[in-house]
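Undergrad: Generate a structure from the sequence data that follows.
(2 chains)
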Amino acid sequence: MANDLQAEQQLFVDTPARRAVRRFSRHRLAMLGLGVLLIMVLLAVFAPAVAPHSPTKQELSLYRKPPTQTHWLGTDSLGRDVFSRLIHAGRVSLSVGLVAVGIYETIAILLGAIAGYYGSKLDWIIMRAVDVVMTIPTMIVIIFLVSILGPSMYNSMLAIGIMGWPEPTRLVRGQILSLREMDYVTAARSLGLPTHRIILRHVLPGVVAPLVVHATFGVAGAILLEAGLSFLGLGVPPPTASWGNMMSSAQTLNILERVPWLWVPPGIAIMLSVLSINFIGDGLRDALDPRGMETG
Amino acid sequence: MKRLLLAVNLLIVAALLLTGCAPVDTAPAATTMQEPPTERQYGGTLNFWQPSWDGSKDWFHHIKRDEVTTWMWEELFFTTTGSFIPVLATGYDVSEDGLIYTVHLREGVKFHDGEEFTAEDVKYSFELKYDPGILPPEALKAEAERVEGLFAYKQGEEGADEITGIRIVDDYTVEFVLTERDPSFFPGFLGYVEHPMMPKHVLETLDRDELVAGTSDYWVTGPIGTGPYQFVEHVPGQYVEYARFDDYWGGKPGPERVFVKFAPIETAIIMLEKGELDIVWEAPPEEAVRMMDNPDIDVLVADNVMGFWIQTPNWHAGNGLWQNPKAKQALLYAADRQGFVDNVMQGFGVVRHSWFHGTRFECPTLIEFEYDLDKAKALLDEIGMTADKRADYQLELTVYPGNKMRVDYAVMLHEAYTQLGFKTNVDLIDAASWADYRNGKGPRGTEFDFAIANWGPGTNPYVLEPYMVGTVDLGYWPLDVERDYHWNEYSPNADKAKELWANIFAETDIEAQTPYFQELDCILNEEVFIPHLIGESWIALKSKRLQGVDLDLDVSVYIVPQLVDIANWWLWDPDADSQ
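TA: Numbers count the residues shown, from 1 in each chain, chains lettered A, B, ... in the order given. Have a look, this model is predicted:
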């Protein structure tokens, strides 16, 4: 009986994680964003099964046909099915966003932790590097990098990834500067724990929440950057579809006026994904903020 | 607050979508016109288009007839395939040994300052163009070696202070003495578009060093020529303004003023629709289709047989796979080029089956490489490039993103070659890096199989001769001296081709040369010398008010074709002109 009670009590212990999940689930826009994004991710993951046609199969006689029952979103200039390309493009655009952010958040954690925990000269050097990189126009450098490395999905990820680290590095450093002065960290140091263990086990977990929020917004930004690169012909090369290179066909008045099915669907996909991710980011920020008030 | 934000966001999104779907306001400024009068009218301002022009620093590097300078500078001839249109010269004779070209100049031609154009100006113009201070001698070696004394002059050799091979016979006659018999001299030099005539009496009073260095104020403030319009003003990045030259030798031109305006093509088309431009050329086919519904715009189209898309092979790729004619034939059979022309190009193109396809030199027994995937596979199997080997072969195509339709073509090839069983990749190379890649200096390596590019005989059908007889390396991609490729060392038709070229060069009359060219074209056709793809049509869009435009595509691929007759252009109802 006592064991059952104990178990029940454990079940209802209001941990910070549970509080965050509850707060997040009550954030309607975030839940809406999560739902939309989930659908997009599922469509992208199962694209080969879901897409009614091959994204690269050409039928020249179906040149820019408007939406029909066979081709739900019409066909493009080479007679390829726009809907199939759209959901396959989601794979590229979403993974570029995730991987690019993964790259720069990793760099940020590493450099931010070193700068924040060790301070002194290392901090000065890293922060000056951050200052310098932040003054460089990101898009120009990304274009420069991609033109050297060559347009490809992986190079886009890399180029976006290695230009995005300064801002989260500052964020991580700032968090760690305050965390390292906390009593439990001091205690860990007094116990003689090795530095890497203190950083990894006791300091970095405190950085996760703000970093996740930042990363969420970062994914949206990276998707937009990839779209911009592909629009310029420097992102994902043909025939692979990305939302950006699908939109790049809309460079003439004729297409803008008369063939909206070439550019509206990828435009909406970009908009929806970015909006959803931003809503999720908002929700996470509210949910993970320890000062946040319980809304429900 | 969040709901409000969401509502605002959704409203913005809806507004953007509606804006995108709505027809763009491109209504022409003027009301729809009736049929134009047949008589030429005088006056008004003609607005001509040019995408961009890097002559803002100095005009000097533009001592050639291009879309901007053609209004004021003229050459001796316009070259056509096997013939010419007389401009500042009325004609020429060739001596029996083929070594002396005697050019007869037009009399009564005046420069914009009223001075008469004479043989002195011809000699001076060539000596200025080939001044040792402009471009290194080696860059112009091939053309400079054609005329006696020209290369020595170009190199600045001691005592070579003039081009001895250009001789003034009298005020209206000039002789060009060749170093060896060369029927390509006319299309490749004398009638070439980059030799406009300059006023000796003005330029010899100026500092020669500044003139040659391009730093002279003359190039910026007051260049003159013999053309139908005289220079007024150049506002870099915006426009060049010209005024009508009433004493033009060809009669008084129509419009009183001409503005050459700089804008990207997309903007230019909108400007045309709004009446801010009178003519735009090299328009995308889809815009031509759209303009066909506009009663105030004329769509002018001509098949371009002089230049076309090619698929330049890296001759060394795949252990010389692309040296094999059957491999190249297979690639042509694998691509539905006609489907591409009919659909993607909306009919504004011609499928090319040989180098001289569509010209008088076309092979009479032309092999047409119609789309046939099975035939393509069979040809590859026949040369040992079987399905399993194709599956292991990484076929790299390169194309630069400047021409959207050509990129689409590369994507179509990607699919076609994938169907053949190759592992295919398309690499987009920006135009600025193109030359570096071609020279083997690209940052991403140079091992491509094909580069989709543009080339063609232009008005010079002799241009292939050095490549086919082996005096010039056809290695082209990449230009690597240690891996050169001479077609004549591999082709079983090399001796025959050499003999045909000799026959061509033995004749000065184009009629007599034609059968040899046709035989040559059969070799080029069968061997798929450099895979020729599609000739993209020239499309010009012009306002109804602009009259007298006549496309003549036999003139040259290096210039905008319709510019041959700018002196005949006139504006309908010029008084209505607002400028």
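Undergrad: For the rest of this, base every contact and every neighbour count on C-alpha atoms.
TA: Fine.
Undergrad: mind showing which ranges of the stretch 1-150 of chain A have poor pLDDT?
TA: Within the stretch 1-150 of chain A, the stretches with pLDDT under 70 are A:1-13.
Undergrad: interface residues of it facing chain B?
TA: Residues of the stretch 1-150 of chain A lying close to chain B (Cα under 8 Å from any Cα of the partner chain) are A:56, A:57, A:58, A:60, A:61, A:63, A:77, A:78, A:147, A:148, A:149, A:150.
Undergrad: got the contact list for the first one?
TA: Contact analysis of residue A:56 by Cα atoms under 8 Å, 6 or more residues apart in numbering or on different chains lists A:80, A:85, A:239, A:240, B:415.
Undergrad: Which of the residues you listed fall within helices?
TA: Among these, the members found in helices (DSSP state H) are A:85, B:415.
Undergrad: All the helices of the stretch 151-296 of chain A, residue numbers only.
TA: Applying DSSP state H, counting those that start in this stretch to the stretch 151-296 of chain A gives helices spanning A:153-161, A:166-179, A:183-190, A:195-197, A:205-231, A:243-247, A:253-258, A:264-288.
Undergrad: most neighbours per residue, which of those?
TA: Comparing the helices of the stretch 151-296 of chain A by mean neighbour count (mean count of other Cα atoms under 10 Å in any protein chain shown), helix A:243-247 ranks first with a mean of 27.
Undergrad: contact partners of that helix?
TA: A:86, A:89-90, A:93, A:226-233, A:235-238, A:262-264, A:266-267, A:269-270.
Undergrad: hey, which helix or strand in chain B has the poorest pLDDT?
TA: Every helix and strand of chain B was ranked by mean pLDDT, DSSP states H and E. The lowest is helix B:2-21, at a mean of 53.
Undergrad: what mean pLDDT does stretch B:69-83 have?
TA: Stretch B:69-83 shows an average pLDDT of 83 in the prediction.
Undergrad: and what of stretch B:521-531?
TA: Regarding stretch B:521-531, the rounded mean pLDDT is 92.
Undergrad: And the following helix or strand past the least confident helix or strand of chain B, what's buried?
TA: Next helix or strand after helix B:2-21 toward the C-terminus (DSSP states H and E): strand B:45-50. Across strand B:45-50, burial judged by 16 or more other Cα atoms under 10 Å in any protein chain shown covers B:45, B:46, B:47, B:48, B:49, B:50.
Undergrad: what's the spacing between the last one and chain A?
TA: Counting by Cα to the nearest Cα, to the nearest Å, the separation of residue B:50 from chain A is 18 Å.
Undergrad: residue contacts, the residue lying closest to that residue once chain neighbours are set aside?
TA: Leaving aside its sequence neighbours, residue B:50 sits nearest to residue B:262 (Cα to Cα, 6 or more residues apart in numbering or on different chains; 5.0 Å). Applying Cα under 8 Å, 6+ apart, we find residue B:262 in contact with B:49, B:50, B:51, B:52, B:53, B:237, B:238, B:239.
Undergrad: what about residue B:262, distance to residue B:229?
TA: Distance of residue B:262 to residue B:229, given as Cα to Cα, to the nearest Å: 18 Å.
Undergrad: can you give me the helices in the stretch 201-350 of chain B?
TA: Assigned by DSSP H, counting those that start in this stretch, the stretch 201-350 of chain B shows helices spanning B:208-213, B:218-221, B:265-273, B:285-291, B:325-334, B:337-339.
Undergrad: Could you look over those and pick the most buried one?
TA: The most buried stretch of the helices of the stretch 201-350 of chain B, if neighbours are counted by mean count of other Cα under 10 Å, is helix B:325-334, with a mean of 23.
Undergrad: Quick one: list the elements packing against that one.
TA: Contacts defined by 3 or more Cα pairs under 8 Å, 6 or more residues apart in numbering or on different chains; DSSP states H and E place helix B:325-334 against helix B:373-382, helix B:404-420, helix B:510-527.
Undergrad: These: which one's closest to chain A?
TA: Across those, chain A has its closest neighbour in helix B:404-420 (5.9 Å, Cα to the nearest Cα).
Undergrad: How many neighbouring residues does residue A:144 have?
TA: 14 (other Cα atoms under 10 Å in any protein chain shown).
Undergrad: what helix or strand does it sit in?
TA: Counting by DSSP H and E, residue A:144 is part of helix A:138-149.
Undergrad: before we move on, what about residue A:115?
TA: helix A:82-118.
Undergrad: Return the set of buried residues in the helix or strand just after that helix.
TA: Sequence order places helix A:120-135 as the next helix or strand after helix A:82-118, per DSSP H and E. Counting neighbours by 16+ other Cα under 10 Å, one finds that the buried residues in helix A:120-135 are A:123, A:126, A:127, A:130, A:133.
Undergrad: residues touching the fourth one, list them.
TA: Put plainly, it is residue A:130. With contact set as Cα under 8 Å, 6+ apart, residue A:130 has these partners: A:166, A:167, A:169, A:170.
Undergrad: which one of those residues sits closest to chain B?
TA: Minimum distance to chain B across these is 26.0 Å, recorded for residue A:167 (Cα to the nearest Cα).
Undergrad: and the gap between the closest one and residue B:268?
TA: Applying Cα to Cα, the value for residue A:167 to residue B:268 is 41 Å.
Undergrad: so which of the contacts of residue A:56 comes closest to residue A:156?
TA: Taking Cα to Cα as the measure, residue A:156 lies nearest residue A:240 of the contacts of residue A:56, at 13.4 Å.
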